[in-house]
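# this one's sequence-less:
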Ligand SMILES: [Zn+2]
């Protein structure tokens, strides 16, 4: 299943506590339909001391959000948009912004 969102895209949060915030996509889990966004949906985790966190304690970390909570921000027109797919002559499937009709990748 394609979510229409890829790593390093910018998204706009459209529902929940973080509504109207923008962020950069760090990771996408197509099977779960979840997306991890930089500095969005930060949760505090209690960590035991480990090699990485020698002190242990509380670590702040992003938690993934469901795809339905966000829209892609078009890098060409800077608007939150839905996307369409288009097949180029080369056979490559690309995303197209529904607002400005530009090819996004
Ligand atoms: Zn656009």
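Happy to help now that I have it. Bear in mind that the values here come from a model prediction, so they are computed numbers and not experimental data. Residues are numbered from 1 along each chain as shown.

# who touches stretch 14-26?
With contacts defined as Cβ atoms under 8 Å, 6 or more residues apart in numbering, stretch 14-26 is touched by 5-13, 35-41, 62, 65, 68-71, 73, 80. Yep, even glycine has a C-beta here, placed from its N, CA and C like the rest.

# Please check the residues you listed and keep the buried ones.
Buried members of the contacts of stretch 14-26, scored by 16 or more other Cβ atoms under 10 Å, are 5, 9-13, 35-37, 40-41, 62, 65, 69-71, 73, 80.

# Which of the three states applies to the residue located most distally from the centre of the chain?
Relative to the centre of the chain, the most outlying C-alpha is that of residue 55, 30.7 Å out, by Cα atoms, centre = their mean. Under the three-state scheme (DSSP: H, G, I helix; E, B strand; the rest coil), residue 55 adopts coil.
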